[in-house]
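Chemist: Generate coordinates for the sequence data below:
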Amino acid sequence: MTTIEKVKYLAKRAIPWRLRYHIKIWEAEGKIRIPNRLKTHGDVNEYNHTLYNILDELGIKDNLLNKTVCEIGPGEYCSHAALEYQMGADREILIDIKDFVGLENLAVPDHLRLDPERYQIIRELPEISDNETWMGLLKIINGFYYTNGFEDYKRIPNNSVDICFGVSVLQHIRKKFFVSSIKEIYRFMSPGGVAWFYVDLRDMIGGKKNHLRFAADVWEDHTHYNMDNYTNRLSYSEMRDIFLSEGFEIKTAKVARFSKMPISRCYLSEEFRDMTDKDLMISQFIIQLVKKR
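Modeler: Next comes the predicted model:
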């Protein structure tokens, strides 16, 4: 464990969630600035392996020939697009709410190669020069990185995406845009296309459900939405019902639960008082959705 990782770990252990919450609010208001190196960032190799693991779960063992793949919320790397290209994908689409990558920066060229022990390389990556940029590489491999969130969903043609996935993203879509976002994903998925999502329902501050303490008019205001740990607080049941109402079929769903109740009911904001114990106990879930043919 590096020194920075130790600092992050100890800070999480030592700082009570209420203080962490206020720190996040002060940061969202511009009163303080938390150094980027102190925030949690995944290693690019770990990030690449999430794609391999998702493809394994989807039963894709060989290639992505003739497929269009869309990733919702790729975060700080575009490397999945390069891996998909080498697997034969026709088009790779990445959608986020802003440019987290830095399109002019290609700092990890050594991590763009597909693991040949896991997948056959259908198409070789082009030679990458020392001054190549993400923007330049994406143009060569027919990759698209859109950074205006929901508005960019509309740029994707109807029935054009064969595989869509997102890792710890859906819970961060603003609540008032959630149904519209799922509607758009359904629209651009091809008939028989598969969507895979990992969703974290914890509070992102203390790893429990303390975010359910706040009334909607507080949690959904501009400041709270600008916190980097905003979540829409939709439950598993609510998300599941939205997927179904928009036309998706649920192929598989795996849920993880807390070992004990993550928050006492007496602390819940009024709008969550009727939430079932079953929903309160769900901490995370993975779901595969299929667009009906």
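Chemist: This protein: strands as residue ranges?
Modeler: Per DSSP state E, the chain carries strands over the ranges 68-72, 91-95, 143-146, 161-167, 189-200, 248-257, 282-291.
Chemist: how about those, which one is nearest residue 268?
Modeler: Proximity of the strands of the chain to residue 268 was assessed by CB to CB; the nearest stretch is strand 282-291, lying at 15.1 Å. Just so you know, the C-beta spots here come from the backbone N, C-alpha and C atoms, and that holds for glycine as well.
Chemist: quick one, that closest one and strand 189-200 angle?
Modeler: 180 degrees (axes from the mean of the first three to the mean of the last three CA atoms, to 10 degrees).
Chemist: Which stretch among the strands of the chain approaches residue 23 most closely?
Modeler: Closest approach to residue 23 among the strands of the chain (CB to CB): strand 189-200, 20.1 Å.
Chemist: Name the residues that touch the closest one?
Modeler: 54, 57-58, 68, 72, 159-171, 185, 231, 236, 239, 248, 251, 283-293 (CB atoms under 8 Å, 6 or more residues apart in numbering).
Chemist: ChimeraX command for the buried members of these?
Modeler: To isolate the buried ones among those in ChimeraX, judged by 16 or more other CB atoms under 10 Å, type:
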select :54,58,68,72,160,161,162,163,164,165,166,167,168,169,170,171,185,231,236,239,248,283,284,285,286,287,288,289,290,291
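Chemist: Contact partners for residue 47?
Modeler: Residues near residue 47 by CB under 8 Å, 6+ apart: 75, 77, 79-80.
Chemist: how close does it sit to residue 167?
Modeler: Distance, residue 47 to residue 167, using CB to CB, to the nearest Å: 9 Å.
Chemist: Ok, residue 216 next?
Modeler: For residue 216, the distance to residue 167 equals 27 Å [CB to CB].
Chemist: Can you give me the end-to-end span of stretch 83-90?
Modeler: Counting by CA to CA, to the nearest Å, the length from the leading to the trailing residue of stretch 83-90 is 12 Å.
Chemist: I'd say residue 119 and residue 60 touch.
Modeler: No: applying CB atoms under 8 Å, one finds residue 119 not in contact with residue 60, separated by 9.0 Å.
Chemist: residue contacts, residue 70?
Modeler: 93-95, 156, 161, 163-165, 188.
Chemist: how does it look with 7 Å?
Modeler: Shown in contact with residue 70 (CB atoms under 7 Å, 6 or more residues apart in numbering): 93, 95, 156, 161, 164.
Chemist: and the third one, what does it touch?
Modeler: For residue 156, the set of contacting residues under the criterion of CB under 7 Å, 6+ apart consists of 70, 93, 188.
Chemist: Quick check: it vs residue 190, distance?
Modeler: Noted for residue 156: a distance of 11 Å to residue 190, by CB to CB.
Chemist: now the second one
Modeler: Counting by CB to CB, the gap from residue 95 to residue 190 is 17 Å.
Chemist: Next one, pLDDT for the residue nearest in space to the middle of the chain please.
Modeler: Centrality entry for the chain: nearest residue to the mean C-alpha point is residue 169, 2.8 Å, by CA atoms, centre = their mean. The per-residue pLDDT reported for residue 169 equals 97.
Chemist: residues in contact with the closest residue to it other than its chain neighbours?
Modeler: Counting by CB to CB, 6 or more residues apart in numbering, the nearest residue to residue 169 once its immediate chain neighbours are dropped is residue 73, at 3.4 Å. Contacts for residue 73 (CB under 7 Å, 6+ apart) come out as 96, 166, 169.
Chemist: now do residue 65
Modeler: Residue 65 touches 88, 122, counting by CB under 7 Å, 6+ apart.
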